[in-house]
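Enquirer: Starting from these lines, generate the structure:
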Amino acid sequence: MDLKDKVALVTGSAGSGMGRSVALTLAREGAKVAINYRTSKDGAQAIVSHVQSHAGDAVAIGADVFKADDCRNLVKTTIEHFGRIDICIVNPGAGWHPEPIDKLDSLAAIEDVQHEVAPFLHLMPLVLPQMYKRKWGRVIGIALLPPYESPAYSYNVGKAARTHALLQARDQAWRHGVTMNVVGPGPVPAIDSLAEAIEQCEHGPAWQQRSNTSPQDIAESVAFLCSDAGRFITGCVLPFLFNS
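Expert: Predicted coordinates:
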């Protein structure tokens, strides 16, 4: 899954979840990676330091991807540093408001939906034109295992909105050499430490001995979809199950 010299923007990649594992894995495969964070500056810098210590190239960029101006600055800074963006991973999304529809806090529910679609809608006009020009690009959204049956109504609606926002863009993007795909996991426990995330990324004991879906499973699928091996896959929703 060689991604040498490709540039990946991974939003929300400084925490303990899927974004961090995706960033580490794309860097493992040779990509230059923009590590986006909102509040976890130290966590982002620790990932950058690890990548650089392994002869990779990464930069930490602070931005709130729910805001249009921050998305513009994020893309601008990434391009200033690396020259372009080949891969865009849309990761952060809604909070957790588990109320059923008859007990919704409507403003919180609307915010959940907005947080799922805003990063994609803010980023696509900024990254797709350059991908179209080069006739190569990968856009991947992290969503939810269909049919969106978490206990949280507004969370499900938001994830469905994100999924369909990507899928609706599939055909136009494909005509310009860009694939659009969704990875839809069920519950995925966080990895507590960067050290363990690295161990899983490197397929060490923590990876070999895992007993359930891990952020690294998500990361491996993202790396495949970004690679040449996945170049004819577009418009898919790749599901991951959780052993309850």
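Enquirer: now the residue in the chain sticking out farthest from the centre: how far from residue 158?
Expert: The outermost residue of the chain, judged by C-alpha distance from the chain's mean C-alpha position using C-alpha atoms, centre = their mean, is residue 102 at 31.7 Å. Using C-beta to C-beta, to the nearest Å, one obtains 18 Å as the distance from residue 102 to residue 158. Backbone N, C-alpha and C define where each C-beta goes, glycine included.
Enquirer: Next: residue 196.
Expert: Counting by C-beta to C-beta, the separation of residue 196 from residue 158 is 29 Å.
Enquirer: how about the longest helix seen in the chain: buried residues?
Expert: In terms of residue count, the longest helix belonging to the chain (DSSP state H) is helix 106-134. Taking 16 or more other C-beta atoms under 10 Å as the basis for neighbour counts, the residues of helix 106-134 that come out buried are 109, 111-113, 115-120, 122-124, 126-128, 131-132.
Enquirer: Who are the packing partners of it?
Expert: Here helix 106-134 touches helix 68-82, strand 87-90, strand 137-142, helix 153-168, strand 178-185, going by 3 or more C-beta pairs under 8 Å, 6 or more residues apart in numbering; DSSP states H and E.
Enquirer: check contacts around the nearest residue to residue 162 once chain neighbours are set aside.
Expert: Sequence neighbours aside, residue 116 is the residue nearest to residue 162 in space, at 4.3 Å (criterion: C-beta to C-beta, 6 or more residues apart in numbering). The contact partners of residue 116, taken as C-beta atoms under 8 Å, 6 or more residues apart in numbering, are 93-94, 143, 158-159, 161-162.
Enquirer: with the residues you listed in mind, which one is nearest to residue 184?
Expert: If you rank those by distance to residue 184 using C-beta to C-beta, residue 143 comes first, at 4.9 Å.
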